[in-house]
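S.K.: Pasting a predicted model and its sequence here:
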Amino acid sequence: MHAPADARPEPLPAPAPATRRAQLALAGFFVVAAAHAWATKALDGRDFGVLLAAGQRALHAEELYRLSDGHWCFKYSPPAALLFAPVSLLPRRVASLLLALGSAGALVAIFRWAAGHVGAQDRPLTHVAVVALSLPYTIHLLALGQNDALLVALVVASEVTACRRPVFSGALLALAFLFKPPLLIVLVVPLAWREGRRLLACAVGLAAASGATSLRYGLFGLAVEMRGWRALLAATTPPLLCDQQNQSLWAVVCTYLARPEDGARYRTAVVLAGIVLLAAVGCLVLAASREPRRRRFTWVAAALYAAALLSPLGWRTNLLAAIPLLYLLVENARRATSRAVRRLSWSTVGVVLAVQFASYDVVGRRAFFFLLAHRHYAFACLAAALVALLGAAIEAQHPSTPSSMPSGATQVLPPDLAGPVTRA
């Protein structure tokens with residue numbers, strides 16, 4: 001379908017003081033957390049070392065994918081390794097600081113974008129609730145020096161610039177896909193809105209990345225690296241599908257329905273479970289909003305979460321892709337017109353918080369890894385996502401009184417984050 005004309009961004013007034021204070025508080029929290037991780041040298045661990053090693057190998061046109069690396073091997077595409085080449089030239093502590101601050105900035109951007117689209121940008125309690133709900137993902141991300149926040153922020157930035165700069169927007173999507181192919185599910189949005197220039201730019205961006213890599217490795221060398229990438233994934237992915245840290249649909253099926261060694265039975269179970277969940281999410285998304293901008297936000301938020309859920313190696317930090325839906329859940333709990341939606345949403349927030357804070361330090365090693373093995377993060381996040389979308393679908397039956405937009409107020413967003421939304 002075509003994007004409605006009134007969904008296109010327009011100039012907006014500056015953020016209100018309450019909005020600026022909330023944004024500064026968010027930025028301060030994540031910058032402090034990132035600085036702590038950097039100061040304690042947490043980012044100098046093996047996760048970050050894998051990225052730097054891949055950059056060094058790409059810089060010297062060396063073999064990227066080596067089974068001899070063991071568990072700590074590079075699993076992104078060859079063009080992604082080339083992007084790390086400049087970073088690998090920096091001193092390790094400087095590179096880790098850049099990653100820490102970049103991840104903190106990416107998290108702030110994700111929070112601002114999501115809050116703006118649900119009308120919560122000037123509501124400190126909503127920000128606090130979402131920070132609490134997402135702590136197991138965001139703090140773990142900063143502690144390990146992973147790049148999931150940067151990838152989600154690329155998709156968010158692509159969405160922000162989709163109408164005004166479709167070519168640049170498509171290039172940002174291509175960059176995200178180079179690192180995480182499951183994010184390709186986000187293409188459902190430009191496909192549904194028939195954004196041909198954005199889709200073409202994405203395809204050209206992927207081709208350009210491959211071309212740049214072939215300049216370093218040669219066409220034959222690039223083909224060899226692509227085969228090596230596929231071979232390494234084929235060899236290393238199956239043993240990790242049932243890993244305790246894996247919180248994806250693949251791991252849930254492994255725990256409760258079938259195991260990879262069951263062959264076709266396992267693959268069939270994953271496919272059927274994926275179809276059921278995608279169908280449920282799709283139906284709720286289609287019913288979740290009648291307002292153009294909110295409808296599009298819901299599509300993007302659901303696609304981001306689906307990418308994390310369906311990724312074969314969907315680790316805990318991947319679930320920060322659910323942050324936009326967590327904002328929707330909390331706003332439903334606080335401002336839904338339906339009492340049933342508020343009660344269901346508050347109950348879900350309470351249960352998810354209880355699950356999230358059953359951490360290693362709180363319940364101890366044995367209980368924590370027992371919960372991990374039973375995919376407590378996966379189920380908590382799935383419940384939050386489904387209840388958020390269900391609440392939005394119910395609220396959409398009362399379009400004259402949007403749940404998160406009380407009467408008599410006008411929503412004020414930063415110009416780079418969203419088009420105008422006027423509260424009824």
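M.R.: Nice, thanks for sending it over. Numbering: from 1, shown residues only.

S.K.: buried residues in the helix or strand encompassing Val87?
M.R.: Secondary-structure assignment from DSSP states H and E places Val87 in helix 85-88. Residues Ala85, Val87, Ser88 are the ones in helix 85-88 that count as buried (16 or more other Cβ atoms under 10 Å). Bear in mind the C-beta positions are built from the backbone N, C-alpha and C, glycine included.

S.K.: Can you tell me the SS state at the spatially most central residue of the chain?
M.R.: Nearest to the mean C-alpha position of the chain, by Cα atoms, centre = their mean, lies Ala321 at 2.4 Å. Here Ala321 is helix, with the state taken from DSSP: H, G, I helix; E, B strand; the rest coil.

S.K.: Name all residues that make contact with it.
M.R.: Residues in contact with Ala321 (Cβ atoms under 8 Å, 6 or more residues apart in numbering) are Asp148, Val152, Leu304, Tyr305, Ala307, Ala308.

S.K.: Now for those: which two are most distant?
M.R.: Asp148 and Tyr305 (12.7 Å; Cβ to Cβ).

S.K.: More neighbours: these two, which one.
M.R.: With neighbours defined as other Cβ atoms under 10 Å, Asp148 and Tyr305 compare such that Tyr305 has more, 28 against 25.

S.K.: And for the closest residue to that one other than its chain neighbours, the neighbour number?
M.R.: Closest residue to Tyr305 apart from its sequence neighbours, by Cβ to Cβ, 6 or more residues apart in numbering: Ala322 at 4.6 Å. Counted with other Cβ under 10 Å, the neighbours of Ala322 add up to 28.

S.K.: what does Val271 give?
M.R.: Val271, neighbours per other Cβ under 10 Å, totals 11.

S.K.: same deal with Leu173?
M.R.: If we define neighbours as other Cβ under 10 Å, then Leu173 has 28 of them.

S.K.: What of the one 4 residues further on?
M.R.: Using other Cβ under 10 Å as the criterion, Phe177 is surrounded by 24 other residues.

S.K.: and it, what pLDDT?
M.R.: We have a pLDDT of 96 for Phe177.

S.K.: Next, the buried residues of the strand or helix carrying it.
M.R.: Using DSSP H and E, Phe177 sits within helix 166-179. Neighbour-count burial for helix 166-179, with 16+ other Cβ under 10 Å as criterion, is recorded at Pro166, Ser169, Gly170, Ala171, Leu172, Leu173, Ala174, Leu175, Ala176, Phe177, Leu178, Phe179.

S.K.: Contacts only, for the last one.
M.R.: With contact set as Cβ under 8 Å, 6+ apart, Phe179 has these partners: Tyr76, Ser77, Ala80, Asn147, Leu151.

S.K.: Closest to Ala100 out of the residues you listed?
M.R.: Using Cβ to Cβ, Asn147 comes nearest to Ala100 of these, at 11.2 Å.

S.K.: That closest one and Leu173, how far apart?
M.R.: 16 Å (Cβ to Cβ, to the nearest Å).

S.K.: What of Arg366?
M.R.: 42 Å.

S.K.: Likewise for Ala358?
M.R.: Plainly put, Ala358 is 36 Å away from Leu173 if you go by Cβ to Cβ.

S.K.: Ramachandran coordinates for Asp243?
M.R.: When quoted as degrees, to the nearest 10, the phi and psi of Asp243 stand at phi -60, psi 150.

S.K.: Now for it: which residues touch it?
M.R.: So, once contact is read as Cβ under 8 Å, 6+ apart, Asp243 ends up touching Ala251.

S.K.: And for Ile185?
M.R.: Here Ile185 is in contact with Ala303, Ala306, Ala307, Leu310 (Cβ under 8 Å, 6+ apart).

S.K.: Repeat the analysis, applying 10 Å as the threshold.
M.R.: Counting by Cβ atoms under 10 Å, 6 or more residues apart in numbering, Ile185 touches Leu278, Ala302, Ala303, Leu304, Tyr305, Ala306, Ala307, Ala308, Leu309, Leu310, Ser311.

S.K.: with those in mind, which one is nearest to Thr138?
M.R.: Ala308 (13.6 Å).

S.K.: Tell me the secondary structure at that closest one.
M.R.: Strictly by three-state DSSP, Ala308 counts as helix.

S.K.: Could you do Arg194 as well?
M.R.: coil.

S.K.: Could you check how far it is from Arg365?
M.R.: 52 Å.

S.K.: Tell me where the model's unsure across the stretch 201-350 of the chain.
M.R.: For the stretch 201-350 of the chain, applying pLDDT under 70 flags no range at all.
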